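A.B. asks: okay, predicted coordinates and the sequence, questions at the end:
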Amino acid sequence: QVQLVESGGGLVQAGGSLRLACAASARTIGFYAVGWFRQAPGKERAFVAAITSSGINTRYEDSVKGRFTISRDNANNMVYLQMNSLKPEDTAAYYCAQGGRLTQNPRGYEYWGQGTQVTVSS
């Protein structure tokens, strides 16, 4: 059983930055794609970004392109989401998830963390 723990969320003003971290309990995360998703109150969970096991390929949701960067450190079982130029509409609970391949579909991910809250004030 893989456990994922997110951290780094918080309250930030619009235009600010946060760096989310996803820590995995197993070194096997290095063999899997990892995605970040977010869920705002009353909305469905939505894709944000994903990265392949090697870290070579990434994918982003259109609204975060150029502002967010996903990266990983397989030696330390970590995946990161650097979020710059944050906007109030980025406010949501952010989740990392481990999956078999690079996909925007949440059904493609087997293990999920508990989430970390990001709140962006205007």
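C.D. replies: Received the coordinates, thanks. Note that the structure is a prediction, hence the values are computed from the model and not measured. Residues are numbered from 1 along each chain as shown.

A.B. asks: tell me the buried residues in stretch 106-122?
C.D. replies: Of the residues in stretch 106-122, those buried by neighbour count under the rule 16 or more other CB atoms under 10 Å are 106, 108-109, 111-113, 115-116, 118, 120. Every residue, glycine included, has its C-beta placed from N, CA and C.

A.B. asks: also stretch 94-109?
C.D. replies: 94-99, 102, 106, 108-109.

A.B. asks: what about Gly10, neighbour count?
C.D. replies: Using other CB atoms under 10 Å, Gly10 is surrounded by 13 other residues.

A.B. asks: how much space between it and Leu4?
C.D. replies: 19 Å (CB to CB, to the nearest Å).

A.B. asks: with pLDDT, secondary structure and distance to Ser71 added, can I get the buried residues of stretch 94-109 in JSON lines?
C.D. replies: Listed next are the buried residues of stretch 94-109 as JSON lines, based on pLDDT from 0 to 100; DSSP: H, G, I helix; E, B strand; the rest coil; distance: CB to CB, whole Å:
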{"residue": "Tyr94", "pLDDT": "98", "secondary structure": "strand", "distance to Ser71": "15"}
{"residue": "Tyr95", "pLDDT": "98", "secondary structure": "strand", "distance to Ser71": "17"}
{"residue": "Cys96", "pLDDT": "97", "secondary structure": "strand", "distance to Ser71": "12"}
{"residue": "Ala97", "pLDDT": "97", "secondary structure": "strand", "distance to Ser71": "16"}
{"residue": "Gln98", "pLDDT": "95", "secondary structure": "strand", "distance to Ser71": "16"}
{"residue": "Gly99", "pLDDT": "91", "secondary structure": "strand", "distance to Ser71": "17"}
{"residue": "Leu102", "pLDDT": "92", "secondary structure": "coil", "distance to Ser71": "14"}
{"residue": "Pro106", "pLDDT": "95", "secondary structure": "helix", "distance to Ser71": "21"}
{"residue": "Gly108", "pLDDT": "95", "secondary structure": "helix", "distance to Ser71": "20"}
{"residue": "Tyr109", "pLDDT": "95", "secondary structure": "strand", "distance to Ser71": "18"}
